[in-house]
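> Attaching a predicted model along with its sequence, questions to come.
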Amino acid sequence: MYYLLILAVGLERIVELVLSNRNAQWSFAQGAKEFGRPHYVVMVVIHSALLVGCVVEPLALHRPFLPWLGWPMLAVAALSQVLRWWCIGTLGRRWNTRVIVLPEAPLVRRGPYRFLHHPNYVAVVAEGFALPLIHTAWLTAATFTVANAILLSVRIRVENSALGYT
């Protein structure tokens, strides 16, 4: 069942990319500018490696499913998806996997953005930690967490600058 979950998450990422590309085209037609393009490829590699690690580590290293760990981590992963789609729904056409900003558009301050500048990254961090731990892939969880923290230190700086946060 775990591998079906990883497949479902992978398919969900494809849906996100299709939606993101559609939104990017709309944004550029409205005069939007993109920022921080060089780190985007790194982000795609890290997120793809997460899903690969979720499959390879449990198989190669014979990681067991531990109910006391797996079930709570499944709940965290599910809640991260709820938060992610709340962010996507709140931003509507302005949501994107890239840093694309519409000129003169006001910052979104509703939905989860009432509470945080970057709530989607809370979802990413939680899911990146929880998804591998559903099946005790702790090497994948640790590696993704460190790589993602480094990436987010760049990504959030780029977004804050592009959005005019101080």
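Cool, the structure landed.

> Next, count neighbours for residue 126.
As a burial measure, residue 126 scores 18 neighbours (other CB atoms under 10 Å). Placement of C-beta: from N, CA and C, glycine included.

> The helix or strand containing residue 130: how far from the chain's middle?
Using DSSP states H and E, residue 130 falls within helix 119-133. In terms of CA atoms, centre = their mean, to the nearest Å, the centre of helix 119-133 is found 7 Å from the chain centre.

> quick one: buried residues of the longest helix belonging to the chain?
Taking DSSP state H as the criterion, the chain has its longest helix at helix 2-29. Applying a neighbour-count criterion of 16 or more other CB atoms under 10 Å, the buried positions in helix 2-29 are 2, 5-6, 9, 13, 16, 20, 23-24, 26-27.

> pLDDT weak spots in this structure?
Applying pLDDT under 70 to the chain flags residues 166.

> so where do the strands sit in it?
33-35, 99-101 (DSSP state E).

> Centroid-nearest residue for the chain?
residue 124 (3.8 Å; CA atoms, centre = their mean).

> Excluding residues flanking it in the chain, which one is nearest it?
residue 148 (6.8 Å; CB to CB, 6 or more residues apart in numbering).

> Assess the claim that residue 135 and residue 2 are in contact.
Yes. Residue 135 is within contact range of residue 2, at 4.7 Å (criterion: CB atoms under 8 Å).

> Spell out which residues are contacts of both of the two.
Taking CB atoms under 8 Å, 6 or more residues apart in numbering as the contact rule, residue 135 and residue 2 both touch 54, 58, 65.
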